[in-house]
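Engineer: would you be able to build a 3D model of this:
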Amino acid sequence: MTTIRLRRSGGRNEPYYQVVVADSRRARNGRCLEQLGHYAPRGSKSFAIDRERLAFWVQRGARLSRTVAELVARHPAPTEAPAASAAPAAQG
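Structural biologist: Numbering: from 1, shown residues only. Predicted structure coming up:
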């Protein structure tokens, strides 16, 4: 089964995680099929994920780990700002 989960990297007491698609039978830091994003829980607590690729893998049966599901729910996709009108408003 394919799982979307975190792969740990970084140093001691400075964890950094990569959001990856991997076979659930592989080791936590083993080979992955694709890297989708990253999560840095310390400092700026940044989280980024390619949501198009996430949807692609979920559509093909990949299951999210509990932690990744919580991170995705906690950081909703940014809404696109409305596009500025092509023609400036007439003054007069």
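Engineer: how about stretch 56-75: buried residues?
Structural biologist: By 16 or more other CB atoms under 10 Å, the buried positions in stretch 56-75 come out as W57, A62, L64, V68, L71, V72. C-beta here means a position set from N, CA and C on the backbone, and glycine is covered the same way.
Engineer: so which of those is the closest to R7?
Structural biologist: V68 (10.9 Å; CB to CB).
Engineer: packing partners for the helix or strand harbouring that closest one?
Structural biologist: Using DSSP states H and E, V68 falls within helix 66-74. Secondary-structure packing of helix 66-74 (3 or more CB pairs under 8 Å, 6 or more residues apart in numbering; DSSP states H and E): strand 2-11, strand 47-49.
Engineer: for those, give me CSV that also has mean neighbour count, mean pLDDT and distance to V19.
Structural biologist: Shown next, in CSV, are the helices and strands packed on helix 66-74 (neighbours: other CB atoms under 10 Å; pLDDT from 0 to 100; distance: least, CB to CB, whole Å):
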stretch, mean neighbour count, mean pLDDT, distance to V19
strand 2-11, 16, 92, 6
strand 47-49, 15, 90, 5
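Engineer: and those strands as a markdown table, adding distance to A22?
Structural biologist: Formatted as a markdown table, the helices and strands packed on helix 66-74 follow (distance: least, CB to CB, whole Å):
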| stretch | distance to A22 |
| --- | --- |
| strand 2-11 | 6 |
| strand 47-49 | 15 |
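Engineer: just to revisit the earlier point, report the distance from the helix holding V68 to the chain centre.
Structural biologist: 9 Å (CA atoms, centre = their mean, to the nearest Å).
Engineer: what angle sits between that helix and strand 2-11?
Structural biologist: 90 degrees (axes from the mean of the first three to the mean of the last three CA atoms, to 10 degrees).
Engineer: can you pull out the residues in contact with helix 66-74?
Structural biologist: I4, R5, L6, V19, Y39, F47, I49, L54, L64 (CB atoms under 8 Å, 6 or more residues apart in numbering).
Engineer: ditto for stretch 46-64
Structural biologist: Contacts of stretch 46-64 (CB under 8 Å, 6+ apart): 1-5, 19, 21, 24, 34, 36-40, 71-72, 74-75, 77.
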